[in-house]
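A.B. asks: Predicted model, plus sequence, below.
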Amino acid sequence: MNPATGTVVAVLLSLVSAAGYALAAVAQSRLAAASPAQDGRGALRALLTRSQWWSAVGLNAAGALAHVAALHYGPLTLVQPLGALTLVAALPLGAYAARRRVTRTEWRGALWTLAGLVGLVAVTGPTAPGEALSLREALVVAAATALLIAALASGRLHGREHGGARGTGPDGAGGRASRGLGHATASGIASGVASALTQTLTAALALELPGREPVWWQTALLAVLISGFATGGLLLSQAAYRGGLAAPLAVVNLSNPAAAAIIGVALLGETFRAGAWGWLVAAGASLVAARGVVLLTKGAPAEPARTPAREPEPAPSATAAAPEPLGRGSLRARVHWGVRTVPAPRVAELGPRGREAEMTLNSSS
């Protein structure tokens, strides 16, 4: 296959991959909106019984396979930026599924995020093929990532300082959005680490793992870690979509290459393209992408607040509604819904003390 044909095939496969990821994200967000908010094993059991969840898993798998095939036919510098089209495709698809229009703020946020993501991908690729992680480095990375993901998923790194503000508590719209971005960040980090460990596993299967030749349990351990982080990333993204679609998806797409780039620079000797200018471009692209995420968070239409149904007020009892006689020759009063009324008959029979008591009671009511 000549280079031109390979480039065309790579572009088409990249578009298929972006469409698969976008459809999966929309399916997950719709499932999150339709499912009751619950955590723990109950939420996992509920997901496993939903056909919509398995459809999303299949679409994610199809997107991943198309992405790998695109990398086989085209260069990384072409395929990775095209993967950012997932956000652009998911935005109108999600709006169509929700039967609404994409707001202008959402479109501006998507363009800002897309520009920042393309800038990051353009400079974070390795200048030369990097080495794979050693088994010790892989275990250290896995342990540190697990702790970071636990902190992000539990909410300790976001939303605590706004817990007392109205609408930003754990149950308010602000709290849900903040928690969703935390889950999205954890999902992207888990997927990025899974990619780095996959590279190490590939090197191990090719007998190129740094150090001596790996034994079977080392390869099995890497496979278990990859499966755990990949599954965790998928479940965390499902939890992230409770706060919406566009902003969590943007954060997932940003934190995934960022985590892989940090591992590459810190442990594999990789560096940004263009040297020092690459660092500046990466910093600027991060700010642009952050601006896009903020716009996506603000541009999504607010969901109506769910207020519990008010219980009907009890009807007044017959004894409360009926006049209560206070005795022969005395003043009769009736209390109805907290308002005291005094009938006017028999004024002449009350006498001076009775008329004085009546005037006092009427003035107080």
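C.D. replies: Received it, and whenever you're ready, just let me know what you need.

A.B. asks: count of residues packed around G74?
C.D. replies: G74 has 22 neighbouring residues, counting by other CB atoms under 10 Å. In this view, the C-beta of every residue, glycine as well, is placed from N, C-alpha and C.

A.B. asks: start the count at 33, not 1, going forward
C.D. replies: That works, and once the first residue is 33, the last one we named lands at G106.

A.B. asks: Do I have it right that it meets L47?
C.D. replies: No. Using CB atoms under 8 Å, G106 makes no contact with L47, being 11.8 Å away.

A.B. asks: Can you say which helix or strand has the closest residue in space to S227 that isn't next to it in sequence in it?
C.D. replies: Using CB to CB, 6 or more residues apart in numbering and skipping residues adjacent in sequence, the residue nearest S227 is A292, 5.4 Å away. In this assignment (DSSP states H and E), A292 forms part of helix 278-299.

A.B. asks: Kindly format the C-alpha coordinates of that helix as CSV.
C.D. replies: What follows is helix 278-299, C-alpha atoms only, in CSV (Å, rounded to 0.1, in the frame of the first residue of the first chain):
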residue,chain,number,x,y,z
ALA,A,278,-19.7,17.4,27.1
ALA,A,279,-17.5,18.6,30.0
PRO,A,280,-16.7,15.1,31.4
LEU,A,281,-15.9,13.8,27.9
ALA,A,282,-13.6,16.7,27.3
VAL,A,283,-11.8,16.1,30.6
VAL,A,284,-11.4,12.4,29.8
ASN,A,285,-9.9,13.2,26.4
LEU,A,286,-7.5,15.7,28.0
SER,A,287,-6.3,13.7,31.1
ASN,A,288,-5.7,10.5,29.0
PRO,A,289,-2.8,11.9,26.9
ALA,A,290,-1.6,14.1,29.8
ALA,A,291,-1.1,11.0,32.0
ALA,A,292,0.6,9.1,29.3
ALA,A,293,2.9,12.1,28.6
ILE,A,294,3.8,12.5,32.3
ILE,A,295,4.8,8.8,32.4
GLY,A,296,6.8,9.1,29.2
VAL,A,297,8.7,12.2,30.3
ALA,A,298,9.3,11.1,33.9
LEU,A,299,10.2,7.4,33.3
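
A.B. asks: packing partners for it?
C.D. replies: Contact here means 3 or more CB pairs under 8 Å, 6 or more residues apart in numbering; DSSP states H and E; on that basis helix 278-299 packs against helix 117-129, helix 136-156, helix 167-186, helix 205-237, helix 248-272, helix 308-331.

A.B. asks: Kindly recompute the last result at 10 Å.
C.D. replies: Counting by 3 or more CB pairs under 10 Å, 6 or more residues apart in numbering; DSSP states H and E, the packing neighbours recorded for helix 278-299 are helix 35-66, helix 108-115, helix 117-129, helix 136-156, helix 167-186, helix 205-237, helix 248-272, helix 308-331.

A.B. asks: Residue ranges in the stretch 133-282 of the chain under the pLDDT threshold?
C.D. replies: For the stretch 133-282 of the chain, the stretches flagged by pLDDT under 70 are 156-163, 187-209, 238-246.

A.B. asks: try 50
C.D. replies: Within the stretch 133-282 of the chain, the ranges that satisfy pLDDT under 50 run 161, 191-203.

A.B. asks: S166 and T39: what is the separation?
C.D. replies: To T39, S166 is 35 Å away according to CB to CB, to the nearest Å.

A.B. asks: for L179, same thing?
C.D. replies: Here the distance between L179 and T39 works out to 42 Å (CB to CB).

A.B. asks: And those two? Which one has more around it.
C.D. replies: Neighbour count, other CB under 10 Å: between L179 and T39, T39 has more, with 15 against 10.

A.B. asks: Would you check how far apart that one and L45 are?
C.D. replies: 11 Å.

A.B. asks: okay, and the common contacts of those two?
C.D. replies: 105-106 (CB atoms under 10 Å, 6 or more residues apart in numbering).

A.B. asks: Just give me the neighbour total for R140.
C.D. replies: Look at R140: counted by other CB under 10 Å, it has 15 neighbours.

A.B. asks: Surely it is in contact with L327?
C.D. replies: Yes. Between R140 and L327 there is a contact at 5.4 Å, judged by CB atoms under 10 Å.
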